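Asks: After the sequence you'll find the predicted model.
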Amino acid sequence: MEDILVKIDEYIWQLPKNYKGCMLVPGRLYLNDKLVEQLEKEVLEQVANVACLPGIQKYSLAMPDCHYGYGFCIGGVAAFDEEDGVISPGGVGFDINCGVRLIRTNLTREEVQPFIKELVKTLFRNIPSGLGSKGKIKLSMGEIDDVLEEGVYWAIKNGYGWKKDVKYIEENGCIKNADASLVSDSAKKRGLPQLGSLGSGNHFLEIQYVDEVFDDRVAKVYGVEKDQVLVMIHSGSRGLGHQICADYLRYMEKAARKYGIKLPDRQLACAPINSEEGIRYFKAMNCGANYAWTNRQLITHWVRESFEDVLRIPAEDLEMDIIYDVAHNIAKREVHKVDGKLKRLMVHRKGATRSFGPGCEDIPSKYESVGQPIILPGDMGSASYLMHGTERAMEETFGSTAHGAGRVLSRAKAVKIYSSKEIKSKLESMGIYVMADSKGVLAEECPEAYKDIDIVADIVHNIGISMKVCRMKPIGVIKG
DNA sequence: ATGTGC
């Protein structure tokens, strides 16, 4: 790999434009020396392929947690000019608005620890999880259209959460330009029973405590301190987003042919941003995004109820405000500086998190002085990070950073090496109480299957595209 | 990630 990539800086590697004839811009990968050695050849190809798509700006980017994905690598960021660029479902991913929400409590680790087993059991009972899991909400086809277009406002209106919640969600939990008439009935039918469910795979709910604070000033602004208990929710748009992606991939293959777009890989099917096809996908994808935010909102509501029940705290005494909620699979219209000029772009983040710095629009006013919060979940045995957005990210990565640990072992390989039983008892010996819906998921998601989150956080911190605020460790985990 | 396939 080192003979292809050019080292620009300690953690910045360039994939030259001449690597592939069709590349319009170079690739840029943010990795340390060890991750460069381990880099999959397929990821390099995917970074190069994305660099061939019309209208791409500056670089085809890959974050330190990058790994092989559908068309675009996971951990990939690509921005396309609205005038002559494309939008691609493969650049968003199947799980539209897969993302993470972090909730703070006014409880310490010592206060929660005695209740941890009961708390995890109660959360497990109250929040449906697992493959094909169904929520507790009874929705009609008419109502799901409201969810897709109103997002979290629908949830609040129906009693799931607090009015102020929307202030601390990317896009206020309701992205504009969502048109439910562009989502197929089959996608809606899949989404109907699943609203308010965790899902499976790497989706989880964790009770964590703040293990170490790196930046007191920013931690104070975000309302976190050492030993405080936080709750992290990692979930997405379930079968609905998956179906939207599948529907539009087929549609985009035809569109790519119609507009004469040469695809280095069929999985990069796309259409011009302002074509009918491009706009339709954008409006359908936004529905998937609103569904995912609503999904995390309903889960939040049941998390609050569960804490009140188990800890026997009256609702008015329990503070469980949202710190922030980030999307890490999405394409967004944003304005960024390119060669000194402001340009309207479609920024694709697939397994990458927005990292808007201080003073940026679209971040909560409370956080304006320090930049937006970024949530970086690790694997269940280690840690997660809360970081903040930076000016450097605005200049370097279209305001983007990593999204988590990223896999190093495939699910199949992980299951061959480890058993769920041994993982559960190992975690318990570390003081982490785990409940999982399916038998195999703990082995699939074992700590050894992931990159070291400390290293991913160190790399993005050292490059300066997001900065460490604090590290959290899990004490209770729920897995799909 | 996913009613784990075209």
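Replies: Now that the structure is in, tell me what you want to look at. Keep in mind the model is a prediction, meaning the values are calculated, not measured. Numbering: from 1, shown residues only, chains lettered A, B, ... in the order given.
Asks: Now A:Ala414. Nearest residue, chain neighbours left out?
Replies: Leaving aside its chain neighbours, A:Ala414 sits nearest to A:Ala449 (4.2 Å; criterion: C-beta to C-beta, 6 or more residues apart in numbering). The way it works is simple: take the backbone N, C-alpha and C, and place the C-beta from them, glycine included.
Asks: I should have written A:Lys163 there, sorry.
Replies: Using C-beta to C-beta, 6+ apart, the nearest residue to A:Lys163 is A:Ile156, at 5.9 Å.
Asks: Let me know the pLDDT of the residue nearest to A:Ala414.
Replies: In this model, A:Ala449 is scored at 88, pLDDT.
Asks: Kindly report the same for A:Met252.
Replies: 96.
Asks: residue contacts, it?
Replies: Applying C-beta atoms under 8 Å, 6 or more residues apart in numbering to A:Met252 gives the contacts A:88-89, A:269-271, A:277, A:281.
Asks: Please apply the same query to A:Lys167.
Replies: Here A:Lys167 is in contact with A:364, A:366 (C-beta under 8 Å, 6+ apart).
Asks: nearest to DNA strand B, of the contacts of A:Met252?
Replies: A:Pro89 (11.5 Å; C-beta to the nearest atom of the strand).
Asks: so A:Ile478 sits right up against A:Val120, yeah?
Replies: Yes - using C-beta atoms under 8 Å, A:Ile478 is in contact with A:Val120, at 6.4 Å.
Asks: Show me whatever sits in contact with both of those two.
Replies: Going by C-beta under 8 Å, 6+ apart, residues that sit against A:Ile478 and also against A:Val120 are A:434-435.
Asks: Does whichever helix in chain A runs longest reach DNA strand B?
Replies: Using DSSP state H, we find that the single longest helix of chain A is helix A:276-311. No - between helix A:276-311 and DNA strand B, judged by C-beta under 7 Å from any atom of the strand, nothing touches; the nearest distance is 9.5 Å.
Asks: buried stuff in that helix?
Replies: Across helix A:276-311, burial judged by 16 or more other C-beta atoms under 10 Å covers A:277-304, A:306-308, A:310-311.
Asks: Let's test this: mean pLDDT of it, rounded?
Replies: Computed over helix A:276-311, the average pLDDT equals 97.
Asks: Is DNA strand B within reach of whatever helix or strand comes next after it?
Replies: Heading C-terminal from helix A:276-311, the first helix or strand you meet, by DSSP states H and E, is strand A:322-327. No - Strand A:322-327 lies out of reach of DNA strand B by C-beta under 7 Å from any atom of the strand, never closer than 14.0 Å.
Asks: Pull up the pairing partners for strand A:322-327, direction included.
Replies: strand A:99-108 (antiparallel) (DSSP bridges).
Asks: Run the angle between the partner strand and helix A:276-311 for me.
Replies: 20 degrees (axes from the mean of the first three to the mean of the last three C-alpha atoms, to 10 degrees).
Asks: near DNA strand B at all, strand A:99-108?
Replies: No - using C-beta under 7 Å from any atom of the strand, strand A:99-108 never reaches DNA strand B; the gap is at least 11.5 Å.
Asks: Got the phi and psi for A:Arg28?
Replies: Taking degrees, to the nearest 10, you get phi -140, psi 130 for the backbone angles of A:Arg28.
Asks: Quick one, grab the pLDDT at it.
Replies: pLDDT, A:Arg28: 98.
Asks: do the same with A:Ala255
Replies: For A:Ala255, the predicted pLDDT is 97.
Asks: Who are the contact partners of the residue nearest to A:Ala414?
Replies: So A:Ala449 contacts A:379, A:407-409, A:411, A:413-414 (C-beta under 8 Å, 6+ apart).
Asks: quick one: it and DNA strand B, what's the gap?
Replies: 10 Å (C-beta to the nearest atom of the strand, to the nearest Å).
Asks: Residue of the stretch 251-400 of chain A nearest DNA strand B, please.
Replies: Counting by C-beta to the nearest atom of the strand, the stretch 251-400 of chain A gets nearest to DNA strand B through A:Asn329 (8.8 Å).
Asks: since we're on that residue, how many residues are nearby?
Replies: 29 (other C-beta atoms under 10 Å).
Asks: I'd guessed it sits against A:His234; true?
Replies: No - using C-beta under 8 Å, A:Asn329 is not in contact with A:His234; the gap is 11.6 Å.
Asks: What parts of the stretch 201-350 of chain A come near DNA strand B?
Replies: So the stretch 201-350 of chain A meets DNA strand B at A:201-203, A:236, A:238-239, A:242-243 (C-beta under 7 Å from any atom of the strand).
Asks: Most neighbours among the residues you listed, which one is it?
Replies: A:Arg238 leads these on contacts (other C-beta under 10 Å) with 30 neighbours.
Asks: Quick one, grab the pLDDT at that residue.
Replies: 96.
Asks: Also the one 10 residues further on?
Replies: Residue-level confidence at A:Tyr248 comes out at 97, pLDDT.
Asks: What are the contacting residues of the helix or strand hosting A:Asp454?
Replies: For A:Asp454, the element it lies in under DSSP H and E is helix A:453-463. With contact meaning C-beta under 8 Å, 6+ apart, helix A:453-463 is reached by A:9-12, A:30-32, A:34-35, A:63-65, A:376-379, A:382-385, A:387, A:392, A:396, A:401-402, A:404-406, A:466-468, A:471.
Asks: same check, this time on stretch A:259-267
Replies: A:20, A:22, A:45-46, A:48-49, A:52-54, A:70-71, A:86, A:90, A:249, A:253, A:256, A:269-272, A:275.
Asks: Please repeat the previous calculation with a cut-off of 10 Å.
Replies: With contact meaning C-beta atoms under 10 Å, 6 or more residues apart in numbering, stretch A:259-267 is reached by A:20-23, A:45-46, A:48-54, A:69-72, A:86, A:88-90, A:249, A:252-253, A:255-257, A:268-272, A:275, A:277-278.
Asks: Are any of those residues buried, and if so which?
Replies: Neighbour-count burial (16+ other C-beta under 10 Å) applied to the contacts of stretch A:259-267 gives A:20, A:23, A:45-46, A:48-54, A:69-72, A:86, A:88-90, A:249, A:252-253, A:255-256, A:268-272, A:275, A:277-278.
Asks: Please narrow the residues you listed to those residing in helices.
Replies: A:45-46, A:48-50, A:249, A:252-253, A:255-256, A:277-278.
Asks: re the thing from before, next, the buried residues of the helix holding A:Asp454.
Replies: Buried residues in helix A:453-463, counting neighbours by 16+ other C-beta under 10 Å, are found at A:453, A:455-461, A:463.
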